[in-house]
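Chemist: whatever this is, show me its structure:
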Amino acid sequence: MTRAIGYIRVSTDGQADEGVSLDAQRAKLQAFAIAADLDLVAIRSDAGVSAKTLARPGLQAALADLREGRADALVIGKLDRLTRSVRDLGALLEGYFASRFSLLSVADSIDTRTAGGRLVLHVLTSVAQWEREAGGERTRAALLHLREQGVRLGGQALGWRRTADTDGDGRRLWIPVLEEQATAARIRELRGAGLSLRGICQALAHEGRRTKRGGRWQPQTVAQVLSRAA
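Modeler: Numbering: from 1, shown residues only. Sure thing, here's the model as predicted:
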């Protein structure tokens, strides 16, 4: 008999009126365990917690039950009780349910102990991977478009300050900070002269030049300035 740990969740008290209260989910898992010949060793729960993150006490306790050998499967009422994030679902599938443990979802008819259930799992994994890759492609395309328009990206780099003023498209404008730009030029000059990152830090300290936040230079900070100029 498969030992299973149950997991139930509600994000708001109002969900009790929608048929997904903790008691309703608990009863559903208990009935399913009998029908599916599962040894339901415990049911972990989260109340008033969103599915936007995996950092939930009940869920982490259920996953710990799996890792520490107290159960071999996780049973849930529906996938959205586990997570609503494709990224998090992919992480769970890869880390727990691809090979080590079984996943059973009552409403979704998923039981990875069967060939059909494993097929559904593979489809879900593929969808999660596609979503990550497609999201990365969309992000790269958007960043490239902004760069082509001359938009500065990221945090405030040495030599520039972001103002409260905006352009015609609502983007905040950047203005040069001449003293910082002189320091950035000095860093490039010292690097061109063959100094190491640590040697540049020492030279800047000797000249009394400070970082953007007014601190002392570190090799990593110097490397960041040089990379922005590349």
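
Chemist: any low-confidence regions in this structure?
Modeler: With pLDDT under 70 as the threshold, the chain has low-confidence stretches at 13-19, 125, 127-156, 165-174, 229-230.

Chemist: against which helices or strands is whatever helix or strand residue 26 lives in packed?
Modeler: Taking DSSP states H and E as the definition, residue 26 sits inside helix 22-35. Applying 3 or more C-beta pairs under 8 Å, 6 or more residues apart in numbering; DSSP states H and E, one finds that helix 22-35 makes contact with strand 2-10, strand 38-47, strand 73-76. Where C-beta positions appear, they are placed from N, C-alpha and C, glycine not excepted.

Chemist: in the sheet, who's paired with residue 43?
Modeler: With DSSP bridges as the criterion, residue 43 is bridged to residue 6.

Chemist: so it sits against residue 27, correct?
Modeler: No. Checked against C-beta atoms under 8 Å, the pair residue 43 and residue 27 is beyond contact range at 10.3 Å.

Chemist: picking that back up, adding distance to residue 179 and mean neighbour count, write the helices and strands packed on helix 22-35 out as CSV.
Modeler: What follows is the helices and strands packed on helix 22-35, written out as CSV (distance: least, C-beta to C-beta, whole Å; neighbours: other C-beta atoms under 10 Å):
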stretch, distance to residue 179, mean neighbour count
strand 2-10, 54, 23
strand 38-47, 52, 18
strand 73-76, 58, 25
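
Chemist: before we move on, the earlier item: okay, the angle between the helix holding residue 26 and strand 38-47?
Modeler: With axes from the mean of the first three to the mean of the last three C-alpha atoms, to 10 degrees as the basis, helix 22-35 and strand 38-47 are set at 170 degrees to each other.

Chemist: run the angle between helix 22-35 and strand 2-10 for me.
Modeler: Interaxial angle of helix 22-35 relative to strand 2-10 (the same axes, to 10 degrees): 160 degrees.
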